[in-house]
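> Below are the sequence and a predicted model; questions follow.
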Amino acid sequence: MILKNALSLMSLALLLFIVQGCAPSASGKVYTRDQARQGMTAQYGTVQQVSEVTIEGTQSGLGTLAGGALGAGVGQTMGSGAGRTLAAVAGGVAGAIAGQATEKGVTTKTGLEIMVQLDSGEILSVVQESDTLFQAGERVRVLRAANGNTRVSY
């Protein structure tokens, strides 16, 4: 029983590690493979305001699936006969709910909404991860891809 519980905890830790690794980045410093070697328009401006925001986590279904499988596996170790089946089903449902919430929680990030007045006079708001701090009055570069992806950098 102790070995099965230890394996369950190790499986949960592995699930959290995998879910975190699958989360897409909203960083101004991270480029996807498709963005490499693609031209972007650069404009310059001045930061007007910076506000902290929350970037919602993903719900890809991986957490739900893995949590359900883990919960069913744990439930299968309890009781016998019809009770074991009921415990496996209940464990699967509870695990799926917990897995979905875990995936969303693990992939939720703190971000910044950066209001920039471009030299052209246009005011632009960009939300990205808060891995680079910006302050009102700073000069920044705004990069825009043809598909609309926009980022603020120095």
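Good, I have the coordinates.
> all contacts plus neighbour counts: C-alpha atoms, from now on.
OK.
> Could you give the average pLDDT over the longest strand along the chain?
The longest strand of the chain (DSSP state E) is strand 40-55. For strand 40-55, mean pLDDT rounds to 95.
> in the following helix or strand past it, what's buried?
Using DSSP states H and E, the helix or strand that directly follows strand 40-55 along the chain is helix 62-76. For helix 62-76, a neighbour-count test (16 or more other Cα atoms under 10 Å) marks 62-76 as buried.
> Just the mean pLDDT for helix 62-76, thanks.
76.
> Also stretch 84-96?
80.
> nearest residue to the residue nearest to the spatial centre of the chain other than its sequence neighbours?
The centre of the chain sits closest to Thr107, judged by Cα atoms, centre = their mean, with a distance of 2.9 Å. Nearest residue to Thr107 in three dimensions, chain neighbours excluded: Gly57, at 4.4 Å (Cα to Cα, 6 or more residues apart in numbering).
> same deal with Arg141?
The shortest distance from Arg141 to any residue other than its chain neighbours is 4.6 Å, reached at Tyr44 (Cα to Cα, 6+ apart).
> contacting residues around the one you found?
118-119, 139-142 (Cα atoms under 8 Å, 6 or more residues apart in numbering).
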